[in-house]
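Novice: Got a predicted structure here, sequence first:
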Amino acid sequence: MLNEFKAFIARGNVMDLAVGVIIGGAFGLIVTSLVNDIVMPVVGVVFGGFDFSNYFLPLSSSVTAQTLAEARKQGAVFAYGNFLTVVINFLILAWIIFLMVKGVNTLRKQMEHQEKAGKPAAPPPADVQLLTEIRDLLKARSQ
């Protein structure tokens, strides 16, 4: 069983997955910082404070607090503002990731195009060359 486990771990797919998870976690931190530290402050300045996180509806009469954190201590609340903030953050995050993927795809296409432009066209396979010669000979005879 130990040898099977070693073979399983040594497979390329498992190692690729592990690397992907680690890189994904680091990338998530980068994108979260980009949203929280760069994008959201600009959005806040443009829209004048853009923070819905303290918008809530009390679900019991015992809730009298003005902030969501205090209201949650007092009882049940319908925290729609926090949900809106998370949805807006998600949309901004999704837009940033979309732009990044679009940029990488554009760069990849440009690199592929440059590689194709720099290489001479590969000669056709031998059977295609032979058929081309036969076609050309038949054309020459018919004229």
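Specialist: Received it, and whenever you're ready, just let me know what you need.
Novice: helices and strands around the longest helix seen in the chain, which ones?
Specialist: Once the chain is assigned using DSSP state H, the helix that runs over the most residues is helix 80-118. Judged by 3 or more CB pairs under 8 Å, 6 or more residues apart in numbering; DSSP states H and E, helix 80-118 is in contact with helix 12-33, helix 40-47. (C-beta placed from N, C-alpha, C; glycine too.)
Novice: On the pLDDT front, check the most centrally placed residue in the chain for me.
Specialist: Against the mean C-alpha coordinate of the chain, by CA atoms, centre = their mean, the closest residue is Ile97 at 4.6 Å. pLDDT recorded at Ile97 is 81.
Novice: just Gly49 next, same as before
Specialist: For Gly49, the predicted pLDDT is 68.
Novice: Please apply the same query to the one 5 residues further on.
Specialist: If you check Asn54, the pLDDT there is 81.
Novice: likewise the one 10 residues further on?
Specialist: Here the pLDDT value assigned to Thr64 is 89.
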